[in-house]
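**Q** After the sequence you'll find the predicted model.
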Amino acid sequence: MKVLLVTNHSYMFWQFRRELVQELLKEHEVVLSMPFVGHEEDFQKMGVRCVETKIERRGMNPRTDIVLIQAYQQLIKSEKPDLVITYSIKPNIYAGLVCGKMNIPFYANVQGLGTAFQKKGLAGFVTMLYKTAFRKVEKVFFENEGNAAEFQKRHIIPLEKQVVLHGAGINLEYYALQPYPQNDRVHFLYLGRLMKEKGMDELFSSVRRLKEDGEKFVLDLVGFFEDEYKEQVEQLEWDGIAEFHGFQENPRPYYGSADCVVLPSYHEGMSNVLLEAAATGRPLITSDIPGCREAVEQDRTGMLVKVKDSDSLYEAMKRFLEMSREERENMGLAGRRKMEREFRKESVVAETMRAMGLS
């Protein structure tokens, strides 16, 4: 059959979904609709036909969103897919609406609730859109139980249409176990976009307090930063607290040189950063929220802290600095074993295929 995949980001889709695409290609024709921001040629080499569809990923603008709906109508009308699989909020809603109208079977992937469910007025509007778009959905895949429970509470879809996966899974060969580093001072690593919703205020407050305590450590920052954090990042570097490395397409060397990965996020679908770090054999310090807590066994593979609480984060990082190197290494090894038990990419891909009746 012809399977149409609809997503909002080619880079992220390549990073986390290419194994599923490989599995689909074994028996089906695959067409991929997405903005072209990298890796479209890699998908084409796999045998995927790629269609460029531009999306304003952030915010809701009636004018551009109507244009997007029209683009999906034209795409689905011309391709005539047997099955559509959507990823992220706008493809889920707008391509979902088109599929429902045209009676095309489709499956949707909710990769996190994002800011849409954080703001009361917007949450009600988005709930209405989801209810309408998912009226005829076959199944909806979630990356954590908390997100699925939120959809259940809002009566968006019935329970029998929900499937909760272990995120996108983790490729344990690509993110292989790396020897624990012999650093002369502890390296905490934050990897991702430097923005408020990832807990930057709490993280920067905590490392300043640790510095005032006379602790020996460095905070490695890998990723793009929002403009509001430019001055703070530069000051942290000047004060000898942090080292900013910018965006890195291959994060594995940074996981390898880290003693601990820190992610004090406000909300996640399933944090791939935590899965990648744990697979590498690194302890985790992260928020006790859906999408983060699933990757951690408290005090065994890492530490969970209260969300939006700089005191809780400071105390966890302080505790980590007081641990011996052997204790830190054992914590990382336990995290690797957890990934092997629960988050293997092959298992998640197989479960996804079964849920769609494609295996």
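**A** Looks like it arrived, so ask away.
**Q** for the nearest residue to L97 once chain neighbours are set aside, what are its contacts?
**A** Among residues not flanking L97 along the chain, A133 sits closest, at 4.9 Å (CB to CB, 6 or more residues apart in numbering). Any C-beta I mention is one placed from the backbone N, CA and C, and that applies to glycine too. Under the criterion of CB atoms under 8 Å, 6 or more residues apart in numbering, the neighbours of A133 are 92-94, 96-97, 100, 108.
**Q** Same question for the helix or strand where G335 lies: list its buried residues.
**A** Per DSSP states H and E, G335 falls inside helix 325-342. Within helix 325-342, the residues that count as buried by 16 or more other CB atoms under 10 Å are 328-336, 338-339, 342.
**Q** just stretch 92-111 next, same as before
**A** Neighbour count says stretch 92-111 has 92-100, 102, 104-111 buried, by 16+ other CB under 10 Å.
**Q** Looking at those residues, which are in strands?
**A** Cross-referencing these against strands under DSSP state E gives 106-110.
**Q** Quick check: phi and psi at S33.
**A** Dihedral pair for S33: phi -100, psi 130, per degrees, to the nearest 10.
**Q** and the residue of the chain positioned farthest from its centre, what pLDDT?
**A** The centre of the chain is farthest from one residue, G214, which by CA atoms, centre = their mean lies 34.2 Å away. Residue-level confidence at G214 comes out at 96, pLDDT.
**Q** Identify the residues contacting A168.
**A** Counting by CB under 8 Å, 6+ apart, A168 has contacts 16-17, 143, 270, 272, 345, 348.
**Q** wait, G335
**A** G335 makes contact with 277-279, 281-284, 295-296, 301-302, according to CB under 8 Å, 6+ apart.
**Q** same thing but 6 Å
**A** 278, 301 (CB atoms under 6 Å, 6 or more residues apart in numbering).
**Q** Also the one 5 residues further on?
**A** For E340, no contacting residues are found, by CB under 6 Å, 6+ apart.
**Q** Just the pLDDT at it, thanks.
**A** So, for E340, pLDDT stands at 97.
**Q** where in the protein is pLDDT low?
**A** 57-61, 114-121 (pLDDT under 70).
**Q** Can you spell out the domain ranges of it, please?
**A** Domain assignment for the chain by automatic domain parsing gives 2-169+345-355, 186-342.
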